[in-house]
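>>> Here's a sequence, model it:
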Amino acid sequence: MNDNEGGGANTPPRILHLHSTFAAGGKEVRCAQLINAFGRKVRHDIVSAVPESMEAQKLISPKLPVTYPSDFPSLQGRPLPPRLMRIAKAMKPYDLILTYNWGSMDAVMAHTLFGKAMGLPPLIHHEDGFNEDERETLKRKRNWFRRVALGTSTALVVPSEQLEEIALDVWEQPMARVKRIANGIDTLAFAKKPKPGALPGITKQSGEKWVGTLAGLREVKNLPRLVRTFAALPQDWRLVIVGEGPEREAILQEAERMKISDRVHLPGFAANPARYVGFFDIFALSSDTEQFPISVVEAMAAGIPVASTDVGDVADMVSEANGSFIVSKSDETGLANALKKLGDDANLRKTVGEANRVKALAEYDEKVMIDTYRRLYSSAMGKVIPR
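Sure, this is the predicted structure:
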C-alpha cells in the first residue's frame, strides 16, 4: 500500500472502500456500479472484512485503477485502542474513506477516536441492512457502538425509508448527517430481450417458465422457503436461483425433500444480470430481512412481476398493481399463493410486469443515483469526481 498521503487538488482522488464483505450482494453491486461510472480518473482500494469473499470484484471493469490491498489491518477483532490505531494509520493516505455495514464499524470507530489527531480524511458510512444475527431485533450493544462510532462521519448513507428511521431514531444520528439515496440501475439495459445462452450453466427450453431470483446463498435469504413455496407450481415451471454462498447444500436438500430436484437449478454466480434477468417469468424474494433490494428493481426494469416477502421497502418499491403479491414473511402459504396466482395467468404477469417497468423507468434509473453519490463524495473530500 502506498505510504503517501492524499494528493493535492490536481491529483486523481484516491478512495478507500472498507466492506463487511465483498460478495456480490446489493451494496457490492452498487459499489462496483459507481466505480465503473466514475471511470479512470478516480483510484480505488477495496478491503473486505472477509478476505475470501471477493466475488463482486468480477463486476468492476479491469481497465480501471482498482487495487485490493492485502496488507491492510484486519477489520475483524476486538475494538481495542492499539488495533484501532493501526486501522486509523492505514486510512491516512486517502482522500476519502467509504465504509459499509456493521463489518466495517471498527474502522468508523477508529476514525472517530483518532481522526482529528491524525488528520484523517473524511469518512462516509453506508448501511444497507442486517445479517442473520439482527434480522429480528437489533442488538443494543451494536446500536450504542454505532451511535458513538458515527460521531465524526461526514454522512451516513442509507437506501431505504426503514433504515432512515432507524438511523434517526435508534442510532440517534442528526438529520443533517443521514442521506437517503435510493439504489438505481441502468433501466434501459434490463429492458432488452435476453439472448439464448446468456445465463451460463442453464438454457431455457421451449415451453418452460421460470421463477427466478438473484441472491447470495445465505441463511438470511431463506431460500429453502422459496423452494417450498415454489413446489406447487406445475411441471413446466423451473426455479432458478442465481448466486453463490454457504446455503447451497441446504437449498438442494430442501428441493430433494420436496421431490422437485429436477426443477430447481443453481447455476452459481453470474455477472451482468441485465443479460439474463429477462428469462424470468416471475421474480421471487423470500428473505427474512432486506432494505432496498436492487434485484427487485432489476426485475421491475425487465418488466417482471415480483412475489416477495414484505421486507424493507419492497412493498413501496413495486407498482400498485404488484402490491397484492407482497406478503408477510411469516405467511409461507401467502407467498405460495402469490406464485401460484401469477403462474396461472400469463396476462396478469404481463400487466403487473409492465406496471413495474414503468415505475422502474420513472423512479429507479441509475443516472440520478450516480449523480447524487458523485456530488456527495466530491463535496466531502473537496475534489471533484469528473463526469
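
>>> following the host helix or strand of Lys179, which helix or strand shows up next?
Following DSSP states H and E, one finds Lys179 within strand 178-180. Of the helices and strands lying after strand 178-180 in sequence (DSSP H and E), the nearest is helix 187-190.

>>> Can you give me the buried ones in that next one?
Buried residues in helix 187-190, defined by neighbour count with 16 or more other Cβ atoms under 10 Å: Thr187, Ala189, Phe190. No exception for glycine: its C-beta is placed from N, CA and C like everyone else's.

>>> JSON lines for the residues you listed, including distance to Asp95?
Shown next, in JSON lines, are the buried residues of helix 187-190 (distance: Cβ to Cβ, whole Å):
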{"residue": "Thr187", "distance to Asp95": "31"}
{"residue": "Ala189", "distance to Asp95": "31"}
{"residue": "Phe190", "distance to Asp95": "33"}
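
>>> coming back round to it: mind listing what the strand holding Lys179 pairs with, with the direction of each?
strand 155-158 (parallel) (DSSP bridges).

>>> From the chain's centroid, how far away is the strand it pairs with?
Counting by Cα atoms, centre = their mean, to the nearest Å, strand 155-158 is centred 15 Å from the centre of its parent chain.

>>> Tell me which residues of it come out buried.
Of all the residues in strand 155-158, those buried under the rule 16+ other Cβ under 10 Å are Ala155, Leu156, Val157, Val158.

>>> now stretch 269-285
Buried residues in stretch 269-285, defined by neighbour count with 16+ other Cβ under 10 Å: 269-270, 273-285.

>>> can you pull out the strands in this protein?
Secondary structure of the chain by DSSP state E: the strands cover 14-19, 43-48, 66-67, 96-100, 123-126, 155-158, 178-180, 209-214, 237-242, 264-268, 282-285, 306-309, 326-327.

>>> so which of the ones you listed gets nearest Asp345?
Closest approach to Asp345 among the strands of the chain (Cβ to Cβ): strand 282-285, 10.9 Å.

>>> so what secondary structure elements neighbour that closest one?
Here strand 282-285 touches strand 209-214, helix 223-230, helix 294-301, strand 306-309, helix 332-344, going by 3 or more Cβ pairs under 8 Å, 6 or more residues apart in numbering; DSSP states H and E.

>>> Export that strand to CSV, keeping only CA atoms.
Provided in CSV are the C-alpha atoms of strand 282-285 (Å, rounded to 0.1, in the frame of the first residue of the first chain):
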residue,chain,number,x,y,z
ILE,A,282,-41.7,-14.3,-12.1
PHE,A,283,-39.1,-12.8,-9.8
ALA,A,284,-39.3,-14.1,-6.3
LEU,A,285,-37.8,-12.9,-3.0
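
>>> Residues touching it, excluding its own?
With contacts defined as Cβ atoms under 8 Å, 6 or more residues apart in numbering, strand 282-285 is touched by 209-213, 215, 226, 229-230, 277, 293, 295-296, 299, 304-309, 311, 314, 335, 339, 342-343, 349.

>>> Strand partners (parallel or antiparallel) of it?
strand 209-214 (parallel), strand 306-309 (parallel).

>>> Give me the mean pLDDT for the longest one.
For strand 209-214, mean pLDDT rounds to 97.

>>> quick one on the thing from earlier: distance to Thr112 and mean neighbour count added to the strands paired with strand 282-285, as TSV?
TSV is the format used below for the strands paired with strand 282-285 (distance: least, Cβ to Cβ, whole Å; neighbours: other Cβ atoms under 10 Å):
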stretch	distance to Thr112	mean neighbour count
strand 209-214	35	23
strand 306-309	36	28
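
>>> which helix of this protein spans the most residues?
If you go by DSSP state H, the chain has its longest helix at helix 346-363.

>>> Outside of that helix itself, list whatever touches it.
182, 185, 187, 190-191, 281-282, 297, 299-306, 318-322, 325, 341-342.

>>> again, only this time at 6 Å
Thr187, Val297, Met300, Ala301, Gly303, Ile304, Pro305, Ser319, Ala321, Asn322, Leu342 (Cβ atoms under 6 Å, 6 or more residues apart in numbering).

>>> Nearest to Pro122 among those residues?
Checking the contacts of helix 346-363 against Pro122 with Cβ to Cβ, the nearest one is Val297 at 28.8 Å.

>>> for the nearest residue to the closest one once chain neighbours are set aside, phi and psi?
Nearest non-adjacent residue to Val297, counting by Cβ to Cβ, 6 or more residues apart in numbering: Tyr364, 4.7 Å away. Per-residue torsions, Tyr364: phi -120, psi 20 (degrees, to the nearest 10).

>>> residues near Tyr364, how many?
22 (other Cβ atoms under 10 Å).

>>> Let me see the confidence value for it.
pLDDT for Tyr364: 92.

>>> Distance of it relative to Pro224?
To Pro224, Tyr364 is 29 Å away according to Cβ to Cβ, to the nearest Å.

>>> before we move on, what about Ile60?
Distance from Ile60 to Pro224, counting by Cβ to Cβ: 32 Å.

>>> Quickly list the domain ranges of this protein.
14-184+366-381, 187-363 (automatic domain parsing).

>>> so can I have a markdown table of the ones you listed showing distance to Arg387?
Listed next are the domains of the chain as a markdown table, based on distance: least, Cβ to Cβ, whole Å:
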| stretch | distance to Arg387 |
| --- | --- |
| domain 14-184+366-381 | 8 |
| domain 187-363 | 19 |
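
>>> thought Asp186 was touching Lys367?
No. In this structure Asp186 lies outside contact range of Lys367 using Cβ atoms under 6 Å: 8.7 Å.
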